[in-house]
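Peer 1: would you be able to build a 3D model of this:
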Amino acid sequence: MSAPESAQVLSITFVGPIVRVWHARPSHDLAETRDFLASIDEALSSRSYELLLLDSRDAERPRPEIQEAIWVWLSGHERVRKVAILMHSREHGRNVRLHGADQGVLLRTFDDEAQAIAWLRSR
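Peer 2: Numbers count the residues shown, from 1 in each chain. Predicted structure coming up:
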């Protein structure tokens with residue numbers, strides 16, 4: 001169930017040492033993607049955090065060029081040590097994990113937020 005276009009699209013909160021990002025829908029274009037990623041950058045650097053939780057359960061799959069921009073950002077990000085992504089689709093989650101491994105990103109997918117947070121906090 002996606003949030004209406006007029007509702008909040010991106011929410012960034014802090015859960016202990018974790019930057020938690022919820023989004024209602026994928027970015028419309030690359031400019032909006034860059035804005036979203038800049039907001040996440042700001043949150044990470046504001047507290048020197050290196051753990052990222054992306055809640056994608058309410059969002060549809062982004063277009064390929066948006067996905068590629070996100071992967072480039074994640075794989076080149078010096079501050080992000082671990083990434084947990086919340087999603088409903090186990091098959092898509094498997095693909096995301098494989099792609100993350102190919103990109104050199106320490107990433108796991110979950111359908112349970114408590115498990116994702118526990119993994120992020122583990123050494």
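Peer 1: so how many other residues sit close to D55?
Peer 2: D55 sits with 20 neighbouring residues when counted by other C-beta atoms under 10 Å. Any C-beta I mention is one placed from the backbone N, CA and C, and that applies to glycine too.
Peer 1: cool, the one 4 residues further on as well?
Peer 2: Here the count is done by other C-beta under 10 Å, and A59 has 18 residues near it.
Peer 1: just to check, it is in contact with H23?
Peer 2: Yes - judged on C-beta atoms under 8 Å, A59 makes contact with H23 at a distance of 5.2 Å.
Peer 1: what about the residue nearest the centre of the chain, which SS state?
Peer 2: In the chain, the centroid-proximal residue (C-alpha atoms, centre = their mean) is L54; its distance is 3.1 Å. Here L54 is recorded as strand under DSSP: H, G, I helix; E, B strand; the rest coil.
Peer 1: which helix in this protein has the most residues?
Peer 2: helix 30-47 (DSSP state H).
Peer 1: mean confidence for it?
Peer 2: Across helix 30-47, the average pLDDT comes to 93.
Peer 1: how far off centre is it?
Peer 2: Put simply, helix 30-47 sits 11 Å off its chain's centre (C-alpha atoms, centre = their mean, to the nearest Å).
Peer 1: over to stretch 116-123?
Peer 2: On C-alpha atoms, centre = their mean, the centre of stretch 116-123 falls 15 Å from that of its chain.
Peer 1: mind listing what's buried along it?
Peer 2: A116, I117, L120 (16 or more other C-beta atoms under 10 Å).
Peer 1: in a strand, F14, correct?
Peer 2: Yes - assigned with three-state DSSP, F14 falls within a strand.
Peer 1: show me the shaky parts of the chain.
Peer 2: Scanning the chain for pLDDT under 70 picks out 1-8.
Peer 1: try 50 this time
Peer 2: 1-6 (pLDDT under 50).
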